[in-house]
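Visitor: Sharing a model prediction with you, sequence too.
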Amino acid sequence: MDKFTLHREDALLLIIDIQERLAPAVRNKKEVIKNTNILVETAKTLNLPIVVTEQYPKGLGPTVEEIKENLGDAQIFDKILFNACTDDVMKAIETYSKRKIIITGMETHICVFQTTRDLLNEGYQVFLVADGVSSRTEDNYKNGLELMKEMGAIITNTETVLFDLIKKAGTPEFKALSKLIK
């Protein structure tokens, strides 16, 4: 399996800190929530594991309801570190034996950046969904993307991830998932 191709057998969706009290402060929050939900549906349809983190939920609240209601049995981990690569999260990721991590979340230049850096250092391939992450300012968002690209993350988008995972038209998965982007 090559570096730039997603395969459902080797992919996991990681949703970082899209929380009730953080989301209102970031740019493009509606787009991030919509695109994350598209990827949640994609993951559920294709049986990809979903791991979710919440940064200090006592202060920032839980995952936004629009996403939480769609998560099913996804594992949700509380954390106080900005980096989502806590022992519990890494154990969960390792349990699934997936090497390609698809990331959405907030904020691009803090928690998403630190998590991406550590995953890359641990040998994972990171597919960072540019229209599924955000920051409070455009400059911080752009800088975060640039840093992660320089480190080796693959900067992608929701539709590219979706169609790369389903591979071809005419399948039941294609019919179900292509409706999500119209």
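Guide: Everything's here; your move. Numbering: from 1, shown residues only.
Visitor: any idea how far residue 85 is from residue 41?
Guide: 26 Å (Cβ to Cβ, to the nearest Å). The C-beta positions use only the backbone N, C-alpha and C, and glycine is treated the same way.
Visitor: Who has more neighbours out of the two?
Guide: Legend: neighbour count by other Cβ atoms under 10 Å for residue 85 and residue 41, higher for residue 85 (21 against 16).
Visitor: got the contact list for the more buried one?
Guide: 114-115, 118-119, 122 (Cβ atoms under 8 Å, 6 or more residues apart in numbering).
Visitor: Generate a ChimeraX selection restricted to the buried entries among those.
Guide: Those of the contacts of residue 85 that count as buried under 16 or more other Cβ atoms under 10 Å are selected in ChimeraX with:
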select :114,115,118,119
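Visitor: out of the contacts of residue 85, which are inside helices?
Guide: Counting by DSSP state H, the contacts of residue 85 place 114-115, 118-119 in helices.
Visitor: What count of nearby residues applies to residue 18?
Guide: Neighbour count of residue 18, defined by other Cβ under 10 Å: 28.
Visitor: quick one: least confident helix or strand in this protein?
Guide: Least confident helix or strand of the chain, by mean pLDDT, DSSP states H and E, is helix 172-178 with a mean of 91.
Visitor: helices and strands around that one, which ones?
Guide: Packing partners of helix 172-178 (3 or more Cβ pairs under 8 Å, 6 or more residues apart in numbering; DSSP states H and E): helix 29-46, helix 158-166.
Visitor: what about dumping the CA coordinates of the next helix or strand after the longest one to CSV?
Guide: It refers to helix 29-46. Next along the chain after helix 29-46, taking DSSP states H and E as the criterion, comes strand 50-55. C-alpha atoms of strand 50-55 as CSV (Å, rounded to 0.1, in the frame of the first residue of the first chain):
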residue,chain,number,x,y,z
ILE,A,50,-13.4,6.3,15.0
VAL,A,51,-11.5,7.8,17.9
VAL,A,52,-12.6,11.1,19.4
THR,A,53,-10.8,13.4,21.9
GLU,A,54,-12.1,16.2,24.1
GLN,A,55,-9.8,18.8,25.5
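Visitor: oh, and call the first residue 379 from now on, that's how I've got it
Guide: Taking 379 as the first residue, the last one we looked at is strand 428-433.
Visitor: Could I get the buried residue list for the next helix or strand after strand 428-433?
Guide: For strand 428-433, the succeeding helix or strand toward the C-terminus, using DSSP H and E, is helix 435-438. Residues 435, 438 are the ones in helix 435-438 that count as buried (16+ other Cβ under 10 Å).
Visitor: what about the protein, any weak spots by pLDDT?
Guide: Counting by pLDDT under 70, the chain shows low-confidence ranges at 379.
Visitor: If you count residues, where's the longest strand of it?
Guide: strand 503-512 (DSSP state E).
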